[in-house]
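**Q** Fold the following and give me the result.
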Amino acid sequence: MSRNVLITGGSRGVGAEAVRAFRRAGDNVVFTYHKSELEADEIRQETGAVPVRCDMKFSNSVKIAVDKALSVLGTVDVLICAASINDLSDVTDIDETRWEEVIDTNLNGVFFSIKYVLPVMISRRSGNIMALSPEWGEVEQDCGTAVAASRAGVRGLMQSLTGEVTKYGIGVKCITASDIAEIVGKSTL
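**A** From the prediction side, this is the model:
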């Protein structure tokens, strides 16, 4: 049985690999992209997945993208939050505007995505929400202050969310890039 999957940040990197993997498994996929329209179109042509432009920093943009995904898919069984900005700046080097951009995209974008997809999953009493956020110590020491802070925030968000939604039959997990193939292959997902 095919799943309906929404992947944020699906035009490049881990998100693009997730799009490819879920499509190879026969799943229906909508993915978001921000600036990389050429890459998004290449992924669309390669996989048949549906791209939707979205700026993860803004709640309204995420809401519009989720609404578009729901109009295409009908529902969302799996939400993969892979959109992120990487910045290697130290705390003394990063300016406030860039700090806010990283936090808004990497942390708030996950929150907005969950906020707008979760009511659908709660009403169906099923679903899976996954966010890209490596375990502490995997990369945080080398990734820059804002990125490390955003990843720690995502981990906290996901831990708290687990307590809120397991009663509805919704799974919550932080994942790494290497988890994608394993997750796609699980028939119970």
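
**Q** Dihedrals phi and psi, the spatially most central residue of the chain?
**A** Residue closest to the average C-alpha location in the chain (Cα atoms, centre = their mean): Cys81, at 0.9 Å. With angles defined as degrees, to the nearest 10, Cys81 sits at phi -100, psi 100.

**Q** how much space between it and Ser89?
**A** The spacing between Cys81 and Ser89, counted by Cβ to Cβ, to the nearest Å, is 23 Å. (Each C-beta comes from the backbone N, C-alpha and C, glycine too.)

**Q** sorry, back to before: list the residues that contact the residue nearest to the centre of the chain.
**A** By Cβ atoms under 8 Å, 6 or more residues apart in numbering, Cys81 lies in contact with 8-9, 109-110, 113-114, 129-132, 154.

**Q** Try it again at 6 Å.
**A** Neighbour list for Cys81: 8, 110, 113, 131 [criterion: Cβ atoms under 6 Å, 6 or more residues apart in numbering].

**Q** Reformat those residues as CSV; add pLDDT and distance to Ser36.
**A** Shown next, in CSV, are the contacts of Cys81 (pLDDT from 0 to 100; distance: Cβ to Cβ, whole Å):
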residue, pLDDT, distance to Ser36
Thr8, 98, 13
Val110, 98, 19
Ser113, 98, 18
Ala131, 95, 20
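
**Q** Highest neighbour count among those?
**A** The most neighbours of any of the contacts of Cys81, using other Cβ atoms under 10 Å, belong to Thr8, which has 31 neighbours.
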